[in-house]
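Based on what follows, work out the 3D shape:
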Amino acid sequence: MSLLRRWFDPLRSRWFYQKPSRQAVLSTEQGLSIHLRLDDVYSYLAAQQLPELEEILSDELKPLKVIISSQTAEPPNHMTALEWQHYCLNDAKILSKQHRFSFHETPEQPPLEAIQQAEIVLRHTPLRGQDFLYLLEDVFHMLWQKQYGKLRTLHAMASRHHHVQNFPERIFNDDAILASYFEFGERKYQAVDDLLRLTRRLKQQKLLTGNPIFLINHIDWREHLISDAEELNKIQALDPELDLYIALEDPVSWLLLAYIKEELANYYNIQLNVYPLSYQGRDLFDWGLATRLSKRTQVKFTPFCRPTQQATHAMATLFYSVPKAQRIETMHDILQAVWTQGKDLSFQSHFNQIKQNLNIDTLITEDIAAKLKQNDILCEMKSQPDFPVLELRIDGQSYVFNSLYRVWMIESIFSNVLEEQYKSENDDNHNEQRKM
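Okay, here's the model as predicted:
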């Protein structure tokens, strides 16, 4: 790491961390818009929230601008189109169950003919404002609930009785978008994951006329879904196990590991396993996002030097030089030194200091690069679009998800496991009574 970067990064980090996490006011000049694709399952979930959102928007932001694209962007993390499609359908099914969205039990991508018919309906309708948003929601239901007969009827009516409408708040284009998102004040908000963050922003700027009630089962940071002592004991007795595949140069790896270790692992008796990955080039991250996540998760994050490939190799060397039983604590201490104390492990004096603090007398002689490559292969087999990748095992089942956005799934899965156990116990009791 260059001297400029070594000494400038901590200064820049302090500035990012100490400045207000939000601008006081974002511009309303461009209004509020949502970008959708008719063949995007996240757009389907988002469309179910739009009429309610429009209802509480201030006049300054009305009408909500709807931008419908016909093109999809390249899948993330080198996924194939089929892998990305499978991931989205499964993820959306989980989100729909968590937040009570309408969703089909066996979802499928709508056929091209249905997509084309839906677009014609939306292009031709004279409805505007909230009426259009209700129609938009209905059209998405037809596409994703396999109601193709209804859609054909609506398409025939629109084609015969209406012509193409041109309204400034309704735009059709060919921009390539990966998944639905809102845009406000030149900032993008993922249509599902960032919806609460967006509404907090709008409420702060007094741009809502009522209280937003969205994602009602959202689990906030440092809040537990399971607090009943008996239920907690049942989860702990199941000995849940959680694997974390982390990029060492990614600050989200530190935020996630620290949060899970401090807040979830002991509480639920989770056995943690960490699999560091080879250098993924994730040191050019969003500074503002990292500092905002730090404050939301209440995990310290400043100052730091961004780890280079050489530094991540040194971090992995220290990690694998301690016994397995000590590795979670060791990884926590290494990442803490890097992301809160500015330690650069490509710098020999920093490396020696951390080595001494960890009480490591002898470094591992095995090929570290080969170990990391093996972890890469295991991680790729999970077919996830983002890092860190998590795999939770409990009660004979395995669940794979990713990123800091999905940490809530750990507790949601625990809750579902308990629900299934109670259901099974009730069924057994009912069968016993019938036998008597």
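
Contacts for stretch 182-192, please.
Under the contact criterion Cβ atoms under 8 Å, 6 or more residues apart in numbering, stretch 182-192 has outside partners 23, 26-28, 30-36, 42-43, 45-46, 95, 99, 179-181, 194-195, 197-198, 201-202, 215, 405. Where C-beta positions appear, they are placed from N, C-alpha and C, glycine not excepted.

Let me see the ranges of the strands in the stretch 51-200 of the chain.
Residue ranges of the strands in the stretch 51-200 of the chain, as given by DSSP state E, counting those that start in this stretch, are 65-72, 170-177, 181-184, 187-190.

To what extent is Ile67 buried, counted in neighbours?
Applying the criterion other Cβ atoms under 10 Å, we find 17 residues in the vicinity of Ile67.

next one: Leu195
Applying other Cβ under 10 Å, we find 21 other residues in the vicinity of Leu195.

Likewise for the one 3 residues further on?
By the other Cβ under 10 Å criterion, the neighbourhood of Leu198 contains 23 residues.

Spatially, what comes nearest to it if we skip its sequence neighbours?
Sequence neighbours aside, Tyr189 is the residue nearest to Leu198 in space, at 4.3 Å (criterion: Cβ to Cβ, 6 or more residues apart in numbering).

need the strands of the stretch 51-200 of the chain in TSV with distance to His124 and mean pLDDT, can you?
Supplementary listing: those in TSV, determined by distance: least, Cβ to Cβ, whole Å; pLDDT from 0 to 100:
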stretch	distance to His124	mean pLDDT
strand 65-72	13	97
strand 170-177	11	97
strand 181-184	25	98
strand 187-190	29	95
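
Tell me which of these sits nearest to Ile115.
Among the strands of the stretch 51-200 of the chain, strand 65-72 comes nearest to Ile115, with 8.3 Å by Cβ to Cβ.

could I get the strands of the stretch 51-200 of the chain as CSV with distance to His155?
Converted to CSV, the strands of the stretch 51-200 of the chain look like this (distance: least, Cβ to Cβ, whole Å):
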stretch, distance to His155
strand 65-72, 16
strand 170-177, 16
strand 181-184, 27
strand 187-190, 30
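
looking at those, which is closest to Leu277?
The closest of the strands of the stretch 51-200 of the chain to Leu277 is strand 187-190. By Cβ to Cβ, the value is 23.8 Å.

follow-up on the earlier one: pick the most deeply packed of the strands of the stretch 51-200 of the chain.
Of all those, strand 181-184 has the most neighbours on average by mean count of other Cβ atoms under 10 Å, namely a mean of 20.

That one pairs with which strands, and in what direction?
strand 32-37 (antiparallel), strand 187-190 (antiparallel) (DSSP bridges).

Okay, now the unreliable bits of the chain?
Of all residues in the chain, those with pLDDT under 70 make up the ranges 1-23, 427-436.

mind running it again at 80?
Across the chain, the stretches falling below the confidence threshold (pLDDT under 80) are 1-24, 283-288, 302-305, 424-436.

Walk me through the domains of it.
In the domain annotation for the chain, the residue ranges read 32-204, 229-411 (automatic domain parsing).

circling back to that earlier point, separate out the buried members of the contacts of stretch 182-192.
Neighbour counting with 16 or more other Cβ atoms under 10 Å marks 26, 31-36, 42-43, 45-46, 95, 99, 179-181, 194-195, 197-198, 201-202, 215 as buried within the contacts of stretch 182-192.

how about stretch 58-66: buried residues?
Under the neighbour-count criterion of 16+ other Cβ under 10 Å, stretch 58-66 has 61, 63-66 buried.

How about stretch 113-125?
Neighbour counts over stretch 113-125 (16+ other Cβ under 10 Å) mark 114-115, 117-125 as buried.

chain center to stretch 109-124: distance?
Its chain's average C-alpha position is 29 Å from that of stretch 109-124, according to Cα atoms, centre = their mean, to the nearest Å.

Just say helix, strand or coil for Tyr399.
strand (DSSP: H, G, I helix; E, B strand; the rest coil).

What residues does it make contact with?
Neighbouring residues of Tyr399 by Cβ under 8 Å, 6+ apart: 391-393, 409, 413.

Make JSON lines out of these and add secondary structure.
Conversion of those to JSON lines gives the following (three-state DSSP):
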{"residue": "Glu391", "secondary structure": "strand"}
{"residue": "Leu392", "secondary structure": "strand"}
{"residue": "Arg393", "secondary structure": "strand"}
{"residue": "Met409", "secondary structure": "helix"}
{"residue": "Ile413", "secondary structure": "helix"}
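
just curious, which of those is nearest to Ala265?
Checking these against Ala265 with Cβ to Cβ, the nearest one is Leu392 at 12.0 Å.

quick one: the closest one and Ser412 touch, right?
No: counting by Cβ atoms under 8 Å, Ser412 is not a contact partner of Leu392; they are 10.3 Å apart.

re the thing from before, which ones among the buried ones among the contacts of stretch 182-192 map onto helices?
The helices, defined by DSSP state H, take in 42-43, 45-46, 95, 99, 195, 197-198, 201-202 from the buried ones among the contacts of stretch 182-192.

export the residues you listed to a markdown table and tack on distance to Arg152?
Formatted as a markdown table, the entries for these read as follows, by distance: Cβ to Cβ, whole Å:
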| residue | distance to Arg152 |
| --- | --- |
| Tyr42 | 25 |
| Ser43 | 21 |
| Leu45 | 24 |
| Ala46 | 25 |
| Leu95 | 29 |
| His99 | 30 |
| Leu195 | 32 |
| Arg197 | 39 |
| Leu198 | 35 |
| Arg201 | 40 |
| Leu202 | 38 |
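
nearest to Ser349, of the strands of the stretch 51-200 of the chain?
Of the strands of the stretch 51-200 of the chain, the one closest to Ser349 (Cβ to Cβ) turns out to be strand 187-190, at 40.7 Å.

Over to the nearest residue to Glu119 once chain neighbours are set aside: give its phi and psi.
Excluding the flanking residues, the one nearest Glu119 by Cβ to Cβ, 6+ apart is Leu38, at 6.3 Å. Note on Leu38: its backbone torsions stand at phi -70, psi -20 [degrees, to the nearest 10].

closest to Trp254 among the buried residues of stretch 113-125?
Taking Cβ to Cβ as the measure, Trp254 sits nearest to Ile115 out of the buried residues of stretch 113-125, at 41.8 Å.

can I get the buried residues of stretch 58-66 in CSV with distance to Leu378?
As requested, these are arranged in CSV below (distance: Cβ to Cβ, whole Å):
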residue, distance to Leu378
Leu61, 46
Pro63, 49
Leu64, 43
Lys65, 44
Val66, 42
